[in-house]
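1. Pasting a predicted model and its sequence here:
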Amino acid sequence: MQVYFDNSATTRVSKNAADKAYRIMTEVYGNPSSLHSLGIKAEAELTSARKSVAKSLGADEREIYFTSGATEANNLALFGTVESRKRTGNKIVTSAIEHSSVIDACKRLENMGYEVVYLKPRDDGRISETDLQNAVDENTVLVSLMAVNNETGAIQPYNAVKRIIKQKNSPALFHCDCVQAYGKLMIKAEKIGADLLSVTAHKIHGPKGVGAIYIKRGTRIIPQHYGGEQESKIRPGTQASALIGAFGCAVNEIDYSAINHVAEIRDYIKTFVETLDRAYINSPKDALPYILNVSIEGIRSETMMHFLASREIYASSGSACAKGKQSHVLTAMGLSKQRTDSALRLSFSRLSTMEEAEYFCRVLKEGTESLVRK
Amino acid sequence: MNELILIKLGEIALKGLNRKTFETALVKNIKHRISSLGGFSVKTAQSTIYVTPANEYSDIDEAEQRIKTVFGIAAYSRAARAEKDMDDIQRVAIEYLSDELSQCKTFKVEAKRSDKKFPLKSPDICRELGGCILERFPHLSVDVHNPEITVNVEIRDFGAYIHGPAKRGVGGIPVGTGGKAAILISGGIDSPVAAYMMAKRGVELTAVHFASPPYTSERAEQKVQKLLELVSRYSGRMIMYTVPFTRIQEEIQSKCPEELFTIIMRRFMMQIAQRVAEQNGCAALITGESLGQVASQTISAIACTDEACTMPVFRPLIGMDKEEIITISRKIDTFETSIEPYEDCCTVFTPKHPRTRPILKYVKLAQEMLDCDALINEALENLKVTKIGYDLYKEN
């Protein structure tokens, strides 16, 4: 049996989405900016996808701009806004557990002279509202906080950010990286008070290479690329029409109710892991059920991962973007080296099944018993 | 423009009666390296190898890149061919070197007349060509001691050749003339450098890698392949044998004293590598050990490991500092790959305090706890074979 428990790294593309991409590539292949009918048809595909994404975020379609993915969206959100607000202030508030596309961009901004505050999570993997309150001030131009952490599934206090900004009388904009939350928690941009919000297709059964940024109307942003009129000049360059079309399809297939089914699978595995020797759950109790982070102390993540892979079970040792490095998220949570060294991230999707969970548990037990522990 | 590459032989030129063997091997290696580019002829005359493109579509820049990595080449230059006649020599020299000459302030001409039938003597050639260059580039002046550029003219059997300063080749002697040996490669910084250094002395390589899935990853093995591909640009293609090593490590771990783990493991590696080497016509083993670098690289530990095999073991890095090794590894471009963070010989098994002065008698006694022959045979039966560098160069 093949078991794919690495859905936070990426997901299997749904058939409808793949078919859509193929159809656009081979039939509606015109340049969406061309004036002839093939171009107009291609543009119609973009419009339809844009509407789907907008609707899913409770936004207007004119607030959605397609990018190459969330890394680009995050970069655009950070560099694009701080550049436009140079005279307002030079402080950015974010967390130490953001995705590397936010953290590394922030490090660059620090080099450029900005002050960046990286808030550390509490024991439960969450950034505390009090810490946010203390960090945000009148000099803050941007608060960037993820909705759900990609390694632990910990849900962050994204609902509180806008209120705190108002309370502190801060000019800050709020950027929310919603990559892991998208399609799983119903997040409406306006309701959570986000001025900027990033999502990507490939975590919701869409293709890799396409994402979107929501920019609230009236928010000034300086483009980071130049060269054409596409995406209202915010993100010029010929749009990846096939990928965007497929993205739209994937969005239409979002099923918020799948969370219950996923929670059952998560609970089953969680209960099982708790019976194992020297095993720990690193995800907080109220985490998003799509992600479960565990440690089997003494067995390095890499070793367990390869053991599982040899039995056709695919999981991850942390963020796929970090490729073997120690998790900055678990380290920031203050977990011991032993625990971070042996962390495994299991991430599920609506396609995961209970049989898979049972098979996984059997193999995991076999691994904990047969592998040499340190 | 008839551009070609002239190659000067290195150490080979010093060889006595078997010089021909070395020359033949070098020509063969050069042909092999550039064969996939198509359309180059390679021939030797008067201690020089001529690499001539067949037509204007032959990629001479890529040919130069590849020639840079062939052992046995002391120096080479890109040159232009002219007819053996002063007018043509002057015309070609000015056209071929015009960019360089217009950027420099001082120059000189050096001539070499191997074809003594040419009517002008070397100093006369220099004078005539020098005068002509001064006329065409009046901003230049002649400086025979410290010129910014030297214009070389070689009058040879097949024509006259004009080139700027020669570039240094990679040196060494042609691969294949030094016999065949097996390199034990882990994926760290040292072993690729050791492989490179022995290839430089003419040794043809076979690689042996030990993998311990699931403690080591598939990516670690791919990393070793990548390293060997980088080495193969110098050494030529090779076969890599991957030895399944998990079982042996688990056995040592469960049955032998912890502090002897590394030394016993190394003994197994030597024994297995020797068997693979024998099957492949190799007469020696190569390792990347440097004295005192880690616990298994002390004199007593090396004595203990070497006792496990009968072949000579070459350790070209034995007296080098890490910094010196890194310098070479950067030069041959393996460093960046070497430091990719994948586990190699599984830190899971490494003892906290390995014995630095193991006593052979006790090591052997401990090893007797295991069914060594059976374990080794089992590993040898399950070797994985990977071809390295075969797609890079076409079959000759």
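-> Nice, thanks for sending it over.
2. Break chain A down into its domains, please.
-> For chain A, automatic domain parsing gives the domain ranges A:3-11+A:256-370, A:15-252.
3. Mean confidence (pLDDT) on the first one, please.
-> By that I understand domain A:3-11+A:256-370. Mean per-residue pLDDT for domain A:3-11+A:256-370: 92.
4. Which parts of chain A are helices?
-> Taking DSSP state H as the criterion, chain A carries its helices at A:15-26, A:37-56, A:70-84, A:100-111, A:129-135, A:158-167, A:189-192, A:241-252, A:258-274, A:301-310, A:328-332, A:337-341, A:354-370.
5. of all the ones you listed, which lies closest to chain B?
-> Comparison of the helices of chain A against chain B by Cβ to the nearest Cβ identifies helix A:301-310 as nearest, at 3.3 Å. Backbone N, C-alpha and C define where each C-beta goes, glycine included.
6. Around whatever residue of the stretch 151-300 of chain A ends up closest to chain B, how many other residues sit close by?
-> Chain B sits closest to residue A:300 of the stretch 151-300 of chain A, with a gap of 6.3 Å, by Cβ to the nearest Cβ. Using other Cβ atoms under 10 Å in any protein chain shown, the number of residues around residue A:300 comes to 22.
7. which residue sits closest to residue B:340 in space, ignoring its chain neighbours?
-> Leaving aside its chain neighbours, residue B:340 sits nearest to residue B:223 (5.6 Å; criterion: Cβ to Cβ, 6 or more residues apart in numbering or on different chains).
8. ok, the one you found to chain A distance?
-> Residue B:223 sits 11 Å away from chain A, going by Cβ to the nearest Cβ, to the nearest Å.
9. which residues touch the residue in the stretch 201-350 of chain B that chain A sits nearest to?
-> Nearest residue of the stretch 201-350 of chain B to chain A (Cβ to the nearest Cβ) works out as residue B:214 at 3.3 Å. Counting by Cβ atoms under 8 Å, 6 or more residues apart in numbering or on different chains, residue B:214 touches A:303, A:304, A:305, A:306, A:307, A:309, A:310, A:371, B:246.
10. Mark which of those residues are buried, thanks.
-> For the contacts of residue B:214, a burial check counting by 16 or more other Cβ atoms under 10 Å in any protein chain shown picks out A:303, A:304, A:305, A:306, A:307, A:371, B:246.
11. what's the most distant pair in those residues?
-> Maximum pairwise distance among the buried ones among the contacts of residue B:214 (Cβ to Cβ): 15.2 Å, between A:305 and B:246.
12. Count the neighbours of residue B:145 for me.
-> 6.
13. and it, what pLDDT?
-> What the model reports for residue B:145 is a pLDDT of 94.
14. Likewise for residue B:355?
-> With respect to pLDDT, residue B:355 has a value of 85.
15. Tell me the secondary structure at it.
-> coil (DSSP: H, G, I helix; E, B strand; the rest coil).
16. Would you agree it is in contact with residue B:263?
-> Yes - counting by Cβ atoms under 8 Å, residue B:355 does reach residue B:263; the two are 6.5 Å apart.
17. what's the overlap in contacts for those two?
-> Taking Cβ under 8 Å, 6+ apart as the criterion, residue B:355 and residue B:263 both touch residue B:301.
18. which one of those two has more residues nearby?
-> Using other Cβ under 10 Å as the criterion, residue B:355 and residue B:263 rank with residue B:263 on top: 29 against 22.
19. Now for the closest residue to that one other than its chain neighbours: which residues touch it?
-> Excluding the flanking residues, the one nearest residue B:263 by Cβ to Cβ, 6+ apart is residue B:358, at 4.8 Å. Contact analysis of residue B:358 by Cβ under 8 Å, 6+ apart lists B:260, B:263, B:300, B:301, B:304.
20. Looking at these, which two lie furthest apart in space?
-> The widest separation within these (Cβ to Cβ) is 12.3 Å, between B:260 and B:300.
21. what about the two, which has more around it?
-> Neighbours were tallied for residue B:260 and for residue B:300 using other Cβ under 10 Å; the higher tally belongs to residue B:260 (22 against 14).
22. Surely the more buried one touches residue B:363?
-> Yes - here residue B:260 lies in contact with residue B:363, judged by Cβ under 8 Å, at a distance of 5.9 Å.
23. now the residue nearest to residue B:340: how far from residue B:384?
-> If you measure residue B:223 against residue B:384 using Cβ to Cβ, to the nearest Å, the figure is 15 Å.
24. which of the two has more neighbours?
-> The residue with more neighbours, out of residue B:223 and residue B:384, is residue B:223; 19 against 12, by other Cβ under 10 Å.
25. Look up the closest residue to the spatially most central residue of chain B, ignoring the ones flanking it.
-> In chain B, the residue lying closest to the centroid (Cα atoms, centre = their mean) is residue B:234, at 3.2 Å. Leaving aside its sequence neighbours, residue B:234 sits nearest to residue B:69 (Cβ to Cβ, 6+ apart; 4.9 Å).
26. Phi, psi for the closest residue to residue B:84 other than its chain neighbours please.
-> Among residues not flanking residue B:84 along the chain, residue B:160 sits closest, at 5.1 Å (Cβ to Cβ, 6+ apart). Torsion angles at residue B:160 (phi, psi; degrees, to the nearest 10) stand at phi -110, psi 140.
27. Tell me who's in contact with residue B:160.
-> Here residue B:160 is in contact with B:81, B:82, B:83, B:84, B:85, B:88, B:89, B:92, B:153, B:154 (Cβ under 8 Å, 6+ apart).
28. State the number of residues packed around the fifth one.
-> Read it as residue B:85. Each residue near residue B:85 was counted by other Cβ under 10 Å, and the total is 12.
29. Show me what the closest residue to it other than its chain neighbours bridges to in the sheet.
-> Excluding its sequence neighbours, the residue lying closest to residue B:85 (Cβ to Cβ, 6+ apart) is residue B:160, at 7.9 Å. Beta-bridge pairing for residue B:160 (DSSP bridges): residue B:82, residue B:155.
30. what about the most far-flung residue of chain B relative to its centre, distance to chain A?
-> Relative to the centre of chain B, the most outlying C-alpha is that of residue B:135, 44.9 Å out, by Cα atoms, centre = their mean. From residue B:135 over to chain A the distance is 50 Å, taken as Cβ to the nearest Cβ.
31. mind checking pLDDT for that residue?
-> Note on residue B:135: pLDDT of 94.
32. Assign it to helix, strand or coil.
-> helix.
33. Over to the one 3 residues further on?
-> Remark: residue B:138 carries the secondary structure label coil [criterion: three-state DSSP].
34. Got the confidence number for it?
-> Residue B:138 is given a pLDDT of 93.
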